[in-house]
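J.: Let's see this in three dimensions:
(one chain, ligands or ions: 1)
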Amino acid sequence: MSTLPAAPPAETPDRLAFYERISKKHLTPLWTSLAKLVTPEPVSACQPAAWSFAEIRAAMIEAGGLITAKEAERRVLILENPGLRGQSKITTDLYAGVQLVLPGEVAPAHRHTQSALRFVLEGDGAHTAVNGERTSMHYGDFIITPPMAWHDHGNETDEPMFWLDGLDIPIVQFLDASFAEHHDEEEQPIARPAGDSQARYGSNLLPIDPPAASGASPVFNYPYARTREALSHLARTQAWDPCHGLKMRYSNPVTGGYPMTTIAAFIQLLPRGFHSARYQSTDATIFVAVEGRGRTRIGEDFIVEWQPRDIFVVPSWKPVVHEAADEAVLFSFSDRPVQHALHLFREKRHDV
Ligand SMILES: [Fe+2]
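T.: Purely as a prediction, here's the structure:
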């Protein structure tokens, strides 16, 4: 099996003159760009990258003195991939930012077609309201906002609240399908008591009539306490996967699929001293260290030393190796549902 030509054909004066002539008619030859368009393996401008939470936090506190959550709409610092500067992207098709809500502040109610996740990094007890229900936010909680779901955030605690936002903004942008609107009220009316969706959909029970299909999980808060308990329980008996340790994915209890149509999320436990086998996948992945310390090698030469709350990104098809100095927990998210839907997802394990 041979690969496609790696380089375009030579540029001759005749060819160049022809290209220029047809360019005026909005035509261009495929043979000069084919090698860049159809590559034998993924080639991405997305680079391995890492952010220390301590640095993000310091910048966010500074931002807190410069602009209110209300004026900013969302007081967020975008984590911009160094290979994709100016594009508001952490990977080619996902966005991530860290949001700060100070005590007493409200991030006003709005809704949009973009799907969002929150992963709580610091603070205890601020709230997010989604479609008429409030949920309390605690460290490590994974919270989702489905497309066109009203959402607002408020902090009635005494401490600043930080979380990671992950959105499919570049996917929706690519599809030219962005719609957004503000609520008339700063905070949306609350229609159901806290815990309603957890009881209704997140307790191994489902209503006998299926919920209206939205593509997103009706459970919108996956509390870390429950996730961690499951990991601890499974760690007693389950053999460690050479590439992943003990890795599980968050699910939509109605479909068994991913929590959102565009974003998959995962949680993994690595035992102390674990050294993973090399692993590659086509879904560029954003990781957050939740517990423990360790280091991750991305590609041949990018090494990130991480501790709780630090964030790093593994581009598509870059080999990744995790080493855990302590027992560690990593949260991660990617565009895997999109890749599965399009039958594009590939992975390669190096333990076999
Ligand atoms: Fe939003």
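
J.: shaky segments in the stretch 1-150 of the chain?
T.: Applying pLDDT under 70 to the stretch 1-150 of the chain flags the ranges 1-6.

J.: And the strands in it?
T.: 49-51, 76-78, 95-101, 106-112, 116-122, 127-130, 133-136, 142-145 (DSSP state E, counting those that start in this stretch).

J.: so can I have TSV of those showing mean neighbour count?
T.: From N, CA and C alone the C-beta is placed, and that goes for glycine too. Listed next are the strands of the stretch 1-150 of the chain as TSV, based on neighbours: other C-beta atoms under 10 Å:
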stretch	mean neighbour count
strand 49-51	20
strand 76-78	17
strand 95-101	24
strand 106-112	19
strand 116-122	23
strand 127-130	24
strand 133-136	19
strand 142-145	25
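
J.: Any idea which of those strands gets closest to residue 222?
T.: strand 142-145 (4.3 Å; C-beta to C-beta).

J.: could you say what helices and strands that closest one packs with?
T.: strand 116-122, strand 127-130, strand 221-222 (3 or more C-beta pairs under 8 Å, 6 or more residues apart in numbering; DSSP states H and E).

J.: Can you tell me which of the strands of the stretch 1-150 of the chain is nearest to residue 22?
T.: Nearest of these (C-beta to C-beta): strand 95-101, 37.1 Å.

J.: what residues are up against residue 174?
T.: residue 93 (C-beta atoms under 8 Å, 6 or more residues apart in numbering).

J.: To clarify, my last question referred to residue 216.
T.: 115, 144, 146, 147, 149, 252, 259, 260, 261.

J.: I'd like to know how many residues surround the third one.
T.: Here the count is done by other C-beta atoms under 10 Å, and residue 146 has 20 residues near it.

J.: which non-adjacent residue is nearest it?
T.: residue 216 (3.2 Å; C-beta to C-beta, 6 or more residues apart in numbering).

J.: and the one you found, which of the three is it?
T.: Secondary structure, DSSP: H, G, I helix; E, B strand; the rest coil: residue 216 is coil.

J.: Could you check how far it is from residue 84?
T.: The span separating residue 216 from residue 84 equals 26 Å under the rule C-beta to C-beta, to the nearest Å.

J.: can you give me the strands in the stretch 151-300 of the chain?
T.: 151-154, 161-167, 180-182, 221-222, 246-249, 264-270, 279-281, 285-291, 294-298.

J.: Hmm, residue 314 and residue 298 touching each other?
T.: Yes. Contact criterion C-beta atoms under 8 Å: residue 298 and residue 314 qualify, at 5.2 Å.

J.: can you redo the strands of the stretch 151-300 of the chain as JSON lines with distance to residue 349, mean neighbour count and mean pLDDT?
T.: Output for the strands of the stretch 151-300 of the chain, formatted as JSON lines (distance: least, C-beta to C-beta, whole Å; neighbours: other C-beta atoms under 10 Å; pLDDT from 0 to 100):
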{"stretch": "strand 151-154", "distance to residue 349": "38", "mean neighbour count": "22", "mean pLDDT": "95"}
{"stretch": "strand 161-167", "distance to residue 349": "25", "mean neighbour count": "24", "mean pLDDT": "98"}
{"stretch": "strand 180-182", "distance to residue 349": "40", "mean neighbour count": "11", "mean pLDDT": "97"}
{"stretch": "strand 221-222", "distance to residue 349": "27", "mean neighbour count": "24", "mean pLDDT": "98"}
{"stretch": "strand 246-249", "distance to residue 349": "12", "mean neighbour count": "17", "mean pLDDT": "98"}
{"stretch": "strand 264-270", "distance to residue 349": "15", "mean neighbour count": "23", "mean pLDDT": "98"}
{"stretch": "strand 279-281", "distance to residue 349": "6", "mean neighbour count": "20", "mean pLDDT": "98"}
{"stretch": "strand 285-291", "distance to residue 349": "15", "mean neighbour count": "23", "mean pLDDT": "98"}
{"stretch": "strand 294-298", "distance to residue 349": "16", "mean neighbour count": "20", "mean pLDDT": "98"}
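
J.: Of these, which is nearest residue 201?
T.: strand 221-222 (10.9 Å).

J.: That closest one pairs with which strands, parallel or anti?
T.: strand 142-145 (antiparallel) (DSSP bridges).
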